[in-house]
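**Q** task: produce atomic coordinates for the following.
(2 chains)
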Amino acid sequence: MLKAPYVTGYLTEHFADDAFGTLEGYLERGGYQAARKALREMTPEAVIELVKGSGLQGRGGAGFGTGLKWSFMPKGSDKPKYLVCNADESEPGSFKDRLLMERGPHQMLEGILIAAWATGASKTFIYIRGEYAFPADQVERAVAEAYAKGYLGKNVMKTGFAHDVVVQRGAGAYICGEETGLLESLEGKKGQPRKKPPFPAQYGAFGMPTTVNNVETFSHVPHILKKGAEWFRGFGTEKSPGTTIFGVSGHVARPGLYELPLGTRLDEIVFEHAGGVPGGRKLKGVIPGGMSMPILPAGQLDVPMANEFLRERKTMLGTGGIMVMDETTCMVRVACVISYFFRDESCGQCTQCREGTGWMNKIIERIERGAGEEADLGILLDVAAKMEGQTICAFSDAAAWPVQGLLRHFRGDFEAHVREHKCPFPESFEL
Amino acid sequence: MVISAASREKIALEIAKYPKPRGALLPALHLVHAEHGHVSPEAARELAQIFEIRPFEVMEVVSFYNMFFATPQPRHQVRVCTNLPCSLRGARDLLHRLEAHLGVHAGGATADGRIRIGHEECLGACAYAPMMRVDHQYHEDLDVERAKRILDALD
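**A** Numbers count the residues shown, from 1 in each chain, chains lettered A, B, ... in the order given. Okay, the predicted model is just below:
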C-alpha cells in the first residue's frame, strides 16, 4: 500500500491511518454524513448549485467545471443515466488516484453517491486501469462493504434512492483514460475515442446519458457538501479553488505525494517540499503536469500551480504530476522517451496522430544517435503543428505539446547533437 | 470446451451487471487469462458464442490491450517501467541487468517457460522508481540485487 503523502490536507488527512480505508473506520471519522445530508435534505439541483458555487474543477487533466458538467445531464429523461469514475490513471508522472483508491476508497464512493443523486444516475461504472490490481482490490472490497451495510443498492441509507456500482478492470491502454475511449472499452471494445458531439451527457456509456469524472474529483465532493462552497474556496486561487495531490518524481531528494492548495508555487513544491535536486547538482527543467504538458526550464519555476498562471508560461496543470530533471539530463533523450510513449500508445484511428507520433519519434531518435540534420528541427515543429487540433481526441495534441516545449526551451540540446554528431551528455540517464 | 464451467458461471454474473452483455467482455477476457494465460482460437470462438459476436471481434479486442495475449505465455510476466520518471532513476540500467541475468532480451521469454520480461509504459509508481510489475504485483524502490532475488524466487 502506498505511504501517506508527505504533506496532507482535507483529502488525505486520515491516510496514515489504515482503518480509514474500511467502512467502519470511515464512518468513525465522519464518513457518509455528507451523502446522508445530500440525499435526505437537498434537492439534486441544490447539490449541483453548491458544487458549481465551490468552483471545483475536474482533476483528471482537463480542469472542466464539475458542477457545470453535472448540469449537462438531461433532466426528467426516461432513459437510465450513468456515472463513470475514470480510474484509468495512466498519465506518466501521475499516481495520486492510486493513493486515493488504496487509502480512501469510501471517500471516493461517497463522492460518487452524491454525484449520482445530483445527476439522477442509477449506476456507476468505476473503470480502473488493469495494472492497478491492488487499488482495484481495495475499491472492490469497499464496494462490497457498502452494499452489505446499505450504503449502496436498492435503498441507499434508507432514503429510497437506488444506486449500483460496477467495477471494471482495464487491460493496458493509455488511451482508455480519454473519456470516450474509456466508454468504448467499458462496452467491451477497442478503446478508440468517439467523435464529439454527441457528448457523453447525451450519448455516453451504452448510449445513455453519462457523466465521467476522475477519482480525485469525486473525492473532493463529500468535503464540499459537509463544509460548504465558501470553505472550499478558502483553499487555492480565485479561479482554481481547493487542494490537489501533486506527485513529485525524478531528480528530487523526497519524491512522493503532496496535498497542497492549487496555486502553490512550483519552486516551493520542488525545493522546499520535495527537497530539491540531490547531490549538489543544479536543476535543468521540470514537467509540471504529467507528460503531456510542456516542460519549464529552471528559471521559470516561480509560477503558481494553477492553470490561469501556467497558461502564461505555455503549459498546464494537467494531472499535477511533477517530473524534475537535473543538469545531467539530455533533453533529446527526454524527447526520445516521450515520443516513444506516444507512438506506442496512439490508438491508430486518426492519420495525423498515427503517422505523426511515429515520424516524430523516428526523427528524435535519429538526432540522439548523432545522425540528425539541421533541417530535422524544422520538420519536427512542422509535424507537431500539423498534429494539433486535427484529430478525434486530444491525444495527438498531447503528443505534440511536450516536443514543442522541449524545442522552445532546450533547442540548444538538439542543435548540439546535430553539430557534434553524437549525444553531448555522457552523464545523462541511460536510454 | 476450453472455458471451464466455473469461469462460465462467473462470466454470466458479470454479464448481469451490464446494460448490454458485451460490457462484460473485458471481465470475461480477464477470467480466460486467469485460467489459461492467453486467448486461444478455441477460447475466442467460445467467447464469441457467449457474447453473440464474431471471433474476430473478440480477437481485435485482445490485440488492442497490452495485458491480453493471443498466444501461450510463460508462467510469469515481468515488466520494468521505463517511462520518464523511472528512466531518470535508473530503470533502463535495471532492465538491461535483468535481461543479462535471465539471458533474454526485453520482449523475450526464458527457455524454461518461466518468465517473459519486457519494458512497460508508466505504471503509476513514479516516486518509487525504479520498479517492476510481476504479474499483478508491484515491486517498488528496487535495486538490481533485490530485483534479481525476486525473479529467482519465481516458480
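
**Q** all helices for the stretch 201-350 of chain A, in order.
**A** Secondary structure of the stretch 201-350 of chain A by DSSP state H, counting those that start in this stretch: the helices cover A:215-227, A:229-233, A:266-267, A:307-310, A:331-345.

**Q** actually, chain B.
**A** B:5-15, B:25-36, B:41-51, B:55-64, B:84-87, B:91-102, B:144-152 (DSSP state H).

**Q** mind listing what's buried along stretch A:263-281?
**A** Buried residues in stretch A:263-281, counted by 16 or more other CB atoms under 10 Å in any protein chain shown: A:263-267, A:269-271, A:273-274, A:276-277. Glycine gets a C-beta too; all of them are placed from N, C-alpha and C.

**Q** scratch that, stretch A:213-227
**A** A:213-226.

**Q** follow-up on the earlier one: what is the nearest of the buried residues of stretch A:263-281 to chain B?
**A** The closest of these to chain B turns out to be residue A:274 (CB to the nearest CB; 9.2 Å).

**Q** how far away is that closest one from residue A:281?
**A** With distances taken as CB to CB, to the nearest Å, residue A:274 is found 14 Å from residue A:281.

**Q** what's the most buried one of the helices of chain B?
**A** helix B:84-87 (a mean of 31; mean count of other CB atoms under 10 Å in any protein chain shown).

**Q** mean confidence (pLDDT) on that one, please.
**A** Mean per-residue pLDDT for helix B:84-87: 98.

**Q** with stretch A:250-261 instead?
**A** Averaging pLDDT along stretch A:250-261 yields 98.

**Q** next one: it to chain centre, how far?
**A** Here stretch A:250-261 is found 16 Å from its chain centre; the criterion is CA atoms, centre = their mean, to the nearest Å.

**Q** what comes up buried for it?
**A** Those buried within stretch A:250-261 under the rule 16+ other CB under 10 Å are A:250-252, A:255-261.

**Q** so which of those belong to strands?
**A** Among the buried residues of stretch A:250-261, the members falling in strands (DSSP state E) are A:250, A:256-261.

**Q** when you check chain B, which of those turn up near it?
**A** Applying CB under 8 Å from any CB of the partner chain to those, one finds that A:250, A:256-257 fall near chain B.

**Q** give me every residue that touches the residue nearest the centre of chain B.
**A** Centrality entry for chain B: nearest residue to the mean C-alpha point is residue B:67, 3.9 Å, by CA atoms, centre = their mean. Residue B:67 sits next to A:130-131, A:171-172, B:33 when contact means CB atoms under 8 Å, 6 or more residues apart in numbering or on different chains.

**Q** likewise for residue B:6?
**A** So residue B:6 contacts nothing (CB under 8 Å, 6+ apart).

**Q** still on that earlier bit, farthest pair in the contacts of residue B:67?
**A** The two members of these with the most space between them (CB to CB) are A:131 and B:33, at 13.6 Å.

**Q** on the pLDDT front, check the residue nearest to the centre of chain B for me.
**A** Among the per-residue scores, residue B:67 shows a pLDDT of 97.

**Q** got it, and residue A:362?
**A** Predicted confidence (pLDDT) for residue A:362: 98.

**Q** gap between it and chain B?
**A** If you measure residue A:362 against chain B using CB to the nearest CB, to the nearest Å, the figure is 18 Å.

**Q** helix, strand, or coil at that residue?
**A** helix (DSSP: H, G, I helix; E, B strand; the rest coil).

**Q** tell me the contacts of the residue of chain B positioned farthest from its centre?
**A** For chain B, the largest distance from the centre (CA atoms, centre = their mean) belongs to residue B:19, which lies 27.6 Å off. Shown in contact with residue B:19 (CB under 8 Å, 6+ apart): A:80, A:205-206, A:208.

**Q** now a PyMOL select for only the buried ones of these.
**A** Restricted to buried positions by 16+ other CB under 10 Å, the PyMOL selection for the contacts of residue B:19 reads:
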select buried, chain A and resi 205+206+208
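
**Q** okay if I get the contacts of residue B:19 as JSON lines plus pLDDT?
**A** As requested, those are exported to JSON lines (pLDDT from 0 to 100):
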{"residue": "A:80", "pLDDT": "97"}
{"residue": "A:205", "pLDDT": "98"}
{"residue": "A:206", "pLDDT": "98"}
{"residue": "A:208", "pLDDT": "98"}
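
**Q** which one of the contacts of residue B:19 is nearest residue A:342?
**A** residue A:205 (26.6 Å).

**Q** hey, what's the closest residue in space to that closest one that isn't next to it in sequence bridged with?
**A** Once flanking residues are discounted, residue A:205 sits nearest to residue A:82: 4.7 Å by CB to CB, 6 or more residues apart in numbering or on different chains. Beta bridges link residue A:82 to residue A:123, residue A:210, judged by DSSP bridges.

**Q** residue contacts, residue A:82?
**A** A:121-125, A:204-206, A:208-211 are the contacts of residue A:82 under CB under 8 Å, 6+ apart.

**Q** can you list the low-confidence ranges for chain B?
**A** Scanning chain B for pLDDT under 70 picks out no residues.
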